[in-house]
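J.: with the input below, show me the fold.
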Amino acid sequence: MKIIDSHPRLAREGWFYICLTLIAALVTTWAFPFWAAVWFWIIALFVLQFFRDPYRPIPQQEGLVVAPADGKVIFTGLVEDPYLDRPAYKISVFMNVFSVHSNRSPVAAEVKQIWYNPGLFVNAALDKASEQNERNAVWLQTGDGKDIVSVQVAGLVARRILCYVEQGDQLDRGQRYGFIRFGSRVDLFLPTEFHAQVALGDNVSAGSSILGSI
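T.: Sure thing, here's the model as predicted:
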């Protein structure tokens with residue numbers, strides 16, 4: 001394991017919302033009885049936990065693929081990769097509103113291409129979300145030529161997909177590359193020779209949980 005950071009932090013994507021809700025809670029507490037401000041404090045605490053972005057220990061053994069997102073594994077199996085037109089092993093991780101929503105690169109790789117598709121906002125836990133929802137796909141290629149596509153998928157509540165990488169960027173395994181606000185999923189399309197170490201229903205943590213190896 002490589003500890004890339006050592007202390008929890010808050011995602012910069014949430015600073016505005018955190019400040020806004022904390023100010024609202026403080027103002028209502030000052031202007032009204034405390035019982036009237038309780039709901040504002042509950043909202044502020046929810047926003048604070050939603051935008052937490054803890055540092056993670058990143059496994060360093062060669063060939064490993066780590067989770068791109070926090071959440072529950074809701075799909076594993078062989079499918080047709082719609083981005084690279086090939087058979088692929090797909091793993092989907094569903095993030096609820098209590099998950100950490102910072103997305104991380106599953107491997108050390110170069111960004112070869114990025115595809116953005118506008119779409120719907122159906123429940124991200126449904127299989128059709130992968131094809132119908134708003135999504136952003138990043139094609140990653142490892143140093144030994146292995147192709148992986150990591151797809152950020154919006155959900156029923158999620159309305160903003162943020163991706164911070166561009167074509168040609170070099171990413172380390174476990175490096176933050178994007179964020180999705182308020183409930184969503186990430187789909188991984190991997191080479192068919194991928195050996196999975198997770199199963200349906202497993203809970204994983206972005207950057208530190210090992211999905212398997214290539």
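J.: break the protein into its domains for me.
T.: For the chain, automatic domain parsing gives the domain ranges 12-50, 61-213.
J.: reformat those domains as JSON lines; add mean neighbour count.
T.: (Glycine included, C-beta is placed from N, CA and C.) Shown next, in JSON lines, are the domains of the chain (neighbours: other CB atoms under 10 Å):
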{"stretch": "domain 12-50", "mean neighbour count": "14"}
{"stretch": "domain 61-213", "mean neighbour count": "19"}
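J.: what bits of the chain have low per-residue confidence?
T.: Along the chain, the model assigns pLDDT under 70 to residues 1-8, 119-132, 155-159, 182-183.
J.: mind listing the helices for it?
T.: 15-31, 34-50, 129-132 (DSSP state H).
J.: quick one: the first one to helix 34-50, angle?
T.: On the basis of axes from the mean of the first three to the mean of the last three CA atoms, to 10 degrees, helix 15-31 is oriented at 170 degrees to helix 34-50.
J.: output the contacting helices and strands for helix 15-31.
T.: helix 34-50 (3 or more CB pairs under 8 Å, 6 or more residues apart in numbering; DSSP states H and E).
J.: who's in contact with the helix it packs on?
T.: Helix 34-50 is contacted from outside by 10, 14, 17-18, 21-22, 24-25, 28-29, 97-98, 101, 182, using CB atoms under 8 Å, 6 or more residues apart in numbering.
J.: reformat the residues you listed as JSON lines; add distance to residue 36.
T.: Formatted as JSON lines, the contacts of helix 34-50 follow (distance: CB to CB, whole Å):
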{"residue": "10", "distance to residue 36": "27"}
{"residue": "14", "distance to residue 36": "25"}
{"residue": "17", "distance to residue 36": "22"}
{"residue": "18", "distance to residue 36": "21"}
{"residue": "21", "distance to residue 36": "16"}
{"residue": "22", "distance to residue 36": "17"}
{"residue": "24", "distance to residue 36": "12"}
{"residue": "25", "distance to residue 36": "11"}
{"residue": "28", "distance to residue 36": "6"}
{"residue": "29", "distance to residue 36": "9"}
{"residue": "97", "distance to residue 36": "25"}
{"residue": "98", "distance to residue 36": "26"}
{"residue": "101", "distance to residue 36": "31"}
{"residue": "182", "distance to residue 36": "26"}
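J.: and which of these is nearest residue 63?
T.: residue 101 (27.3 Å; CB to CB).
J.: OK, contacts around that closest one?
T.: By CB under 8 Å, 6+ apart, the contact set of residue 101 is 11, 50-51, 69-70, 95, 179-182, 184.
J.: distance to residue 81 added to those, as TSV?
T.: Putting the contacts of residue 101 into TSV (distance: CB to CB, whole Å) gives the following:
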residue	distance to residue 81
11	29
50	31
51	32
69	19
70	24
95	22
179	24
180	21
181	27
182	27
184	20
